[in-house]
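Undergrad: Give me a 3D structure for the following:
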Amino acid sequence: MISTRQKLSLGVDPSNAAAASPGAWALEKIAVTLVSPRPHAPQEMKPIVDAAVGANCFFTCASASGAGPVLRSHEIMGRRSGVFLVDLRGQATSEQAGEIKGLRKAYPEASVIVITTKDEVGALAEAIQFLGPLDQVSFLMSPIHHRLASETVRAMATQYLTRVNAAALEQSHADAQAALRRDVEELERRLLVAKHAARHDDLTGALNRTGFIEELTARLLRDRQRQNVMMIDLDRFKAINDTLGHAAGDDLVRKICTGIQGVIPSDAILARLGGDEFGVVVESCSPSRIASICEDILKVCSASRYIFGNEVQVSASIGVAQQGSLHSEFELIRQADLALYAAKREGRNRYRVFDEALDKATQYRLAIEGGLERALRTGNLKMVYQPIVGSRSGGVLGFEALVRWDTFEHGPISPATFIPVAEESGLILDVGDWITRQALRDCKKWGAPYVSINLSVRQFLRHNVGERILRYAAEADVAPSKIQIELTETAIIDDVERAAYHLKVMRDAGVRVALDDFGTGYSSLVYLKQFDIDCIKIDKSFVDNITRDRQSSVIVASVSKLACSLGMSVVAEGVETEAQRKILIAAGCDMLQGYYFSRPMAVADAVTMVDALPNVAD
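TA: Residues are numbered from 1 along each chain as shown. Just a heads-up that it's a prediction; the model follows:
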C-alpha cells in the first residue's frame, strides 16, 4: 500500500483513500476515472464508459497529481476507484511517470487502461515499467473503436471486481478464522477455569470430592504404589456453627485444612469432601508411618485456635483403608468411611484402620438395621417388664418397660446391640414411639403400679416429645401420674433449653422424671435442682461392688442422702443377692430393682404378679 506521504503528494486525503470495507461489489459501484489533459477526452470517453458500466460512473481529472478531489468524490458517492483510463497520447511518458507510479501504489488493485497511439509504441514500452502487474493493464489504441473500447472497459472493471471480491472473501475467511481462534482460546481458558472449579473446593482451595476421586483413581490405575486412604471428620464441629455462626465454622475449616496440609507428605492428596470432612491419600507407607501421620493430623485438628476472637477447640476422628489387590477407589473410600464411623463410636479423637472384622461387624449392623425396620412393620418386637419394688415391703411399685427382639436369622438380639443401631439410623424415633404406646397399653392392664419408660437422647430432644407422650397416654386411657420417663444425663445436657421445656410440659401434667445411670456421667447437682428430678436410679456398676468395695457403699449412701435432702426417691438397679438388698436398705435406698426380685416378664406375668403380691407403699 502507498504511504501517507505518497497519498498527500497525489492530493489524496489519507482518511478517505481506502475504500469502504471489502464486500460484494457490482459494476455500477465502480468508478472509472479518466486521467487526461486533453480537453476533448472526457466527451470522447464518457459514452464508452456509460455503455460499459452504466451512467454516473465516469469521472475525470487532468493529471494524476490532481486526482485527489475526484477520488474523494468517488468515495462520498459510495464508489470504489476500480478503473483508471490513463491517456498518454501526445505526452512525454517520463513527465507522467512519477505521478502515475504514486497513483498506482495508492490503488494497487485497480485496473489500468492506457490510451495511446500506434505512433507512440516506444512510449508505451516505457510506461509498462511503472503501470503495475500486466494482468491488471490493458490498452486502447487511437483512433478508438467505440464498441471495442466499451468491452475493454467492462472487462477490466469486471476483472477488478473479481479481484476485490476475492480479496474480500479471503479477508472474511481470515477474519472468521481469527475470530474462531479467539473464541477457541477463550473457550479453552474458561474450560480450564471450569475444570479447576469442578475439581476444587472454593472455601479452602483443596480438591473437592470429585477431584479427590479422580486423583485416587489415577493413582490406582498406575498400579505402582499401594495407596492409603484416610477419611477425617471433625468432632463437635456443629457446636461451632451453632454458637459462633457459619462464618466462624468456615474460618476454622480453612485453618484446619492448612494445618493438615502441613503434616502430610508433600506428594499426598488432600481434599475437603464437604462440610467438616476431609480426605487424604498417601502412597506406600508402612503401618507405623500411617500411625504417625494420623497422630499428627489428630494433634493439628485438636489444637486450640482463635476464631473471630473466640478460643475454640475441636477434635477429629480418622478412618484408614489400605489398598489390597482388588480395591477400587469406591471400595477404599467405603472402607475408610466404615473405619471412620468405628472411630467415632469408640469415643472420637482417634483413628481406626479398617480390617475384615470391622467389615463383618458393619454387615451385621446393616442386617440389624434392615431387620429392625421389618420388625416394626410385622410386629416382631415385644415388650417385657421388670418390677420396681419397695425396699422394705417388697411390694410392686412400678414396672420398667424393656423391649426385646427375637430374630429368625440371628436369634435374640440384645437391646444393647440394636438400640445404638436404631439411634444411628434414625429408627429410634419409630421404635421409641412403638415402645411408648405398647407400654402404656400394657400399663392399663395391671392396675396400680406405674410404668417407667426409657427415652433415648434423640427421642427426648424431639420437638414435641412431651405432647406426644401425653397424647399416647390419653389414647391408652392411662393417667399421666402413672407414667415415669427415664433419661440419661446426656439427654439433658445436650440441649438444656429444650430439655427444660419438654420436662415442664410433662411434669405439669403429672409425669414423673427419673435420672438413669446416675454416677456414670456428669452427675451435676445443678441439673438435679434445675429440672426438679423426681427419682435417681443408681447404676448397677455400684451395686455389683457394694458388698466387697467400701467406696461403692459410701457412694450409694451419699447419693441416697443427697436425694433425700432434695426430696427425691432412689432406685438401686441390678440387685441380685440378699446381702446387696440389706446394704442398700441400710444406705437409704427406698426402691430396688434386679434379678433378686424378678427377671423381666411378659405383661400377663406382670398382671399375675400384681394380683398375687399386694401393692404396699413403703
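Undergrad: Direction included, what does the longest strand along the chain pair against?
TA: In the chain, with assignment by DSSP state E, the single longest strand is strand 396-407. Strand pairing for strand 396-407, using DSSP bridges, gives strand 381-390 (antiparallel), strand 411-413 (antiparallel), strand 450-454 (parallel).
Undergrad: what residue of this protein is the furthest out?
TA: Relative to the centre of the chain, and counting by CA atoms, centre = their mean, the farthest-placed residue is D119 at 90.3 Å.
Undergrad: Just want the phi and psi numbers for that residue.
TA: Main-chain torsions, D119, degrees, to the nearest 10: phi -80, psi -10.
Undergrad: any idea how far it lies from Q91?
TA: 13 Å (CB to CB, to the nearest Å). Where C-beta positions appear, they are placed from N, C-alpha and C, glycine not excepted.
Undergrad: how's this protein carved up into domains?
TA: The chain resolves into domains spanning 4-172, 209-354, 376-612 when parsed by automatic domain parsing.
Undergrad: re the thing from before, quick one: which of the strands paired with strand 396-407 is nearest A197?
TA: strand 411-413 (48.2 Å; CB to CB).
Undergrad: so what does the next helix or strand after that closest one touch, helix or strand wise?
TA: Using DSSP states H and E, the helix or strand that follows strand 411-413 in sequence is helix 415-425. Judged by 3 or more CB pairs under 8 Å, 6 or more residues apart in numbering; DSSP states H and E, helix 415-425 is in contact with helix 356-378, strand 396-407, helix 428-446.
Undergrad: Ranking the ones you listed by mean neighbour count, which comes first?
TA: strand 396-407 (a mean of 21; mean count of other CB atoms under 10 Å).
Undergrad: In PDB, list the C-alpha atoms belonging to it.
TA: Presented in PDB, the C-alpha positions along strand 396-407 are these (Å, rounded to 0.1, in the frame of the first residue of the first chain):
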ATOM      1  CA  VAL A 396     -44.500 -53.800  93.400                       C
ATOM      2  CA  LEU A 397     -44.500 -50.000  92.900                       C
ATOM      3  CA  GLY A 398     -43.900 -50.000  89.100                       C
ATOM      4  CA  PHE A 399     -42.500 -51.800  86.100                       C
ATOM      5  CA  GLU A 400     -39.700 -50.700  83.900                       C
ATOM      6  CA  ALA A 401     -40.600 -51.200  80.200                       C
ATOM      7  CA  LEU A 402     -38.000 -53.100  78.300                       C
ATOM      8  CA  VAL A 403     -38.100 -54.100  74.600                       C
ATOM      9  CA  ARG A 404     -37.000 -57.500  73.200                       C
ATOM     10  CA  TRP A 405     -36.300 -58.700  69.700                       C
ATOM     11  CA  ASP A 406     -36.100 -62.300  68.700                       C
ATOM     12  CA  THR A 407     -34.900 -62.700  65.100                       C
END
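Undergrad: Now do it and helix 356-378, the angle between them.
TA: Going by axes from the mean of the first three to the mean of the last three CA atoms, to 10 degrees, strand 396-407 is angled at 110 degrees with respect to helix 356-378.
Undergrad: can you tell me the average pLDDT over strand 396-407?
TA: The average pLDDT for strand 396-407 rounds to 94.
Undergrad: now that strand, how far from the centre of its chain.
TA: 46 Å (CA atoms, centre = their mean, to the nearest Å).
Undergrad: Ok, stretch 248-268 next?
TA: 18 Å.
Undergrad: cool, stretch 436-449 as well?
TA: That offset, for stretch 436-449, works out to 50 Å (CA atoms, centre = their mean).
Undergrad: And the contacts of that stretch?
TA: Residues external to stretch 436-449 that are found in contact with it (CB atoms under 8 Å, 6 or more residues apart in numbering): 383, 385, 387-388, 396-399, 401, 450-451, 453, 468-469, 472-473, 475-478, 482-483, 603, 606-607, 610, 615.
Undergrad: So how do I select the buried members of those residues in ChimeraX?
TA: In ChimeraX, this line selects whichever of the contacts of stretch 436-449 come out buried by 16 or more other CB atoms under 10 Å:
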select :383,385,387,388,396,397,398,399,401,450,451,453,468,469,472,473,476,478,482,483,603,606,607,610,615
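Undergrad: Adding distance to I428 and mean pLDDT, write the strands paired with strand 396-407 out as TSV.
TA: Shown next, in TSV, are the strands paired with strand 396-407 (distance: least, CB to CB, whole Å; pLDDT from 0 to 100):
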stretch	distance to I428	mean pLDDT
strand 381-390	13	95
strand 411-413	15	89
strand 450-454	11	96
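Undergrad: Nearest to L221, out of the ones you listed?
TA: Nearest to L221, of those and by CB to CB, is strand 411-413 at 42.8 Å.
Undergrad: which residues are contacting the closest one?
TA: Under CB under 8 Å, 6+ apart, the answer for strand 411-413 is I368, R404, W405, D406, T407.
Undergrad: Tell me, please, where in this protein the pLDDT is lower than the cut-off.
TA: Applying pLDDT under 70 to the chain flags residues 1-25, 76, 93-96, 121-127, 223-224, 326, 494, 519-529, 613-618.
Undergrad: center of it, which residue is that?
TA: Short answer for the chain (CA atoms, centre = their mean): G274, at 6.6 Å.
Undergrad: pretty sure that residue contacts R209?
TA: Yes. Counting by CB atoms under 8 Å, G274 sits close enough to R209 to count as a contact (6.4 Å).
Undergrad: For V312, which of the helices and strands packed on helix 415-425 is the nearest?
TA: Nearest of these (CB to CB): helix 428-446, 30.1 Å.
Undergrad: one step back: looking at the contacts of strand 411-413, spot the one nearest E283.
TA: I368 (36.7 Å).
Undergrad: Okay, and V543 sits in which element?
TA: Short version, using DSSP H and E: V543 is in helix 540-544.
Undergrad: and what of V112?
TA: Element membership for V112 (DSSP H and E) is strand 111-117.
Undergrad: For P600, list the residues it contacts.
TA: Applying CB under 8 Å, 6+ apart, the residues contacting P600 are V384, Y385, Q386, L402, R404.
Undergrad: go on, P420?
TA: R345.
Undergrad: Test my guess that V86 contacts V114.
TA: Yes. Counting by CB under 8 Å, V86 does reach V114; the two are 5.2 Å apart.
Undergrad: can you map out the helices along the stretch 51-200 of the chain?
TA: With helices called from DSSP state H, counting those that start in this stretch, the stretch 51-200 of the chain shows them at 68-76, 93-106, 121-128, 146-199.
Undergrad: Out of the ones you listed, flag the one nearest V556.
TA: helix 146-199 (61.0 Å).
Undergrad: list the buried ones in the following helix or strand past that closest one?
TA: Helices and strands here follow DSSP H and E; after helix 146-199, the next one along the chain is helix 209-222. Of all the residues in helix 209-222, those buried under the rule 16+ other CB under 10 Å are R209, G211, F212, I213, E215, L216, R219, L220.
Undergrad: Mind putting these into a markdown table with distance to Q323?
TA: Below are these laid out as a markdown table (distance: CB to CB, whole Å):
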| residue | distance to Q323 |
| --- | --- |
| R209 | 19 |
| G211 | 19 |
| F212 | 15 |
| I213 | 15 |
| E215 | 14 |
| L216 | 10 |
| R219 | 9 |
| L220 | 7 |
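Undergrad: now, among these, which is nearest to V543?
TA: R209 (50.1 Å).
Undergrad: wait, doesn't the closest one sit right on F278?
TA: No. R209 is beyond contact range of F278, at 10.6 Å (criterion: CB under 8 Å).
Undergrad: what do these two both touch?
TA: A271.
Undergrad: Excluding covalently adjacent residues, which one is nearest to T547?
TA: A579 (5.0 Å; CB to CB, 6 or more residues apart in numbering).
Undergrad: sorry, back to before: the residue nearest to the centre of the chain pairs with what?
TA: E277.
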